[in-house]
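Asker: my questions concern the predicted model and sequence given below.
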Amino acid sequence: MRPTVSFGRALGVALALMLLATPVLATAPTLPAPARLLFDVGRNKLITADSVDTLRQPASLTKLMTLYLTFEALRDGRLHWNDRLPISANAESMPPFKFAIGVGNSITVREAVEGMIVISANDAAVAVAEHLGGSVPAFAQMMTDTAHRLGMRHTTFRNPTGLSDPKHLTTARDMATLALALMRDFPEHFHFFSQKYIVFRGMKLRGHNFVMNRVPAVNGMKTGYTSASGYSVVTSAEQGDTRLIGVIIGADSARDRDTTMAQMIEAHLPPLPPDAPSDLRLRDMAGNVPLPRPQPLRGEHDTR
């Protein structure tokens, strides 16, 4: 029997207690101050909560949900790692970053997963969406339905890529919920988020999640940027018995985003013992990250 830990509900309770009744915005026409969240997974403790319930466009953080649905399809047998996904004219029309291999060619599911995580490949995300949903709008509805099922109460997806749409909105709190759900439901796939580069058909393609280069305890997850969203990142870190999830949405620059996230993470990591291994990897978290259950908002305490 898998061990159970009750901090999933504690995430919702902690967020509820620490968030003042910040009104949820209908749209995000201008960039407010960045949203920042840091959650200590093992201690069920919200450490930082800054505008975490303000609606924002998530840019390529969106692909975390596209990946969640991909992993679901792999688990259920609707996809296999070596299945081929055709690149349609719609997929090929996506702006960079993308594989750009041409209409009518195809990528494997594994290439799509690695491409979405490492280089944020928009054509790969659309190829997955069209295969699983039949169309981008249908897949976007699947994404939204899954978000609500996971407890992401304020999230609405309009596409699998995160390209700008005024109705494509989420919150830092919901992104933390999604990160925890990925850990809980697909621990066997979590290692993909730590990849710094991929080799695609002989080409070495480097990612741009530079927080992993700055803090050894960071073991992934995903960056994002559009002009409508600002610079964003979801980060996982582990050191000793401490596991942290950080979210920043809407920083002014990649440098500000990465520096702020590194500072948040490093300030709350325990010291390493003298004999600690240099290779810090996420342990198997199966059964240790129950699905978050957000509670009704009652109030906020800003712990900046």
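Answerer: That came in fine, so what should we check first?

Asker: next, the distance between the ends of stretch 208-228.
Answerer: Stretch 208-228 has an end-to-end distance of 19 Å (criterion: C-alpha to C-alpha, to the nearest Å).

Asker: in that stretch, what counts as buried?
Answerer: Across stretch 208-228, burial judged by 16 or more other C-beta atoms under 10 Å covers 209-212, 215, 217-226, 228. No exception for glycine: its C-beta is placed from N, CA and C like everyone else's.

Asker: where in the stretch 51-200 of the chain is pLDDT low?
Answerer: Within the stretch 51-200 of the chain, no range satisfies pLDDT under 70.

Asker: give the contact list for the most centrally placed residue in the chain.
Answerer: With distances taken as C-alpha atoms, centre = their mean, the residue of the chain nearest its centroid is Leu64 (4.2 Å). Applying C-beta atoms under 8 Å, 6 or more residues apart in numbering to Leu64 gives the contacts 175, 178-179, 182, 221-222, 234.

Asker: most neighbours among these, please name it.
Answerer: Using other C-beta atoms under 10 Å as the neighbour criterion, Met175 leads the contacts of Leu64 with 32 neighbours.

Asker: what helices and strands are in contact with the one helix or strand it maps to?
Answerer: Element membership for Met175, per DSSP states H and E: helix 172-185. Where contact means 3 or more C-beta pairs under 8 Å, 6 or more residues apart in numbering; DSSP states H and E, helix 172-185 is packed against helix 7-18, strand 35-40, helix 63-76, helix 136-150, strand 230-239, strand 242-251.

Asker: for it, which positions count as buried?
Answerer: With burial defined by 16+ other C-beta under 10 Å, the residues of helix 172-185 counted as buried are 172-185.

Asker: and which of the residues you listed is nearest Phe139?
Answerer: In terms of C-beta to C-beta, no member of the buried residues of helix 172-185 lies closer to Phe139 than Leu178, at 16.1 Å.

Asker: surely Phe97 and Asn122 touch.
Answerer: Yes - in this structure, Phe97 is within contact of Asn122 by C-beta atoms under 8 Å, at 6.5 Å.

Asker: more neighbours: which of these two?
Answerer: Legend: neighbour count by other C-beta under 10 Å for Phe97 and Asn122, higher for Asn122 (27 against 20).

Asker: distance of that one from Val136?
Answerer: Separation of Asn122 from Val136 (C-beta to C-beta, to the nearest Å): 11 Å.

Asker: can you check Asn159 too?
Answerer: Per C-beta to C-beta, Asn159 is found 6 Å from Val136.

Asker: quick one, what contacts the nearest residue to Ile265 once chain neighbours are set aside?
Answerer: Excluding the flanking residues, the one nearest Ile265 by C-beta to C-beta, 6 or more residues apart in numbering is Ala237, at 4.9 Å. With contact set as C-beta under 8 Å, 6+ apart, Ala237 has these partners: 215, 217-219, 243-244, 246, 265, 269.

Asker: does Ala237 have beta-bridge partners, and which?
Answerer: In this entry, Ala237 is beta-bridged to Val218, Leu244, by DSSP bridges.

Asker: so His131 makes contact with Leu85?
Answerer: Yes - contact between His131 and Leu85 holds when scored by C-beta under 8 Å: they sit 5.3 Å apart.

Asker: circling back: compute the inter-axis angle for the helix holding Met175 and strand 242-251.
Answerer: Orientation note: helix 172-185 sits at an angle of 140 degrees relative to strand 242-251 (axes from the mean of the first three to the mean of the last three C-alpha atoms, to 10 degrees).

Asker: would a markdown table of the buried residues of helix 172-185 with distance to Met152 be doable?
Answerer: As requested, these are arranged in a markdown table below (distance: C-beta to C-beta, whole Å):
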| residue | distance to Met152 |
| --- | --- |
| Ala172 | 11 |
| Arg173 | 8 |
| Asp174 | 4 |
| Met175 | 8 |
| Ala176 | 10 |
| Thr177 | 5 |
| Leu178 | 6 |
| Ala179 | 11 |
| Leu180 | 11 |
| Ala181 | 9 |
| Leu182 | 12 |
| Met183 | 15 |
| Arg184 | 14 |
| Asp185 | 14 |
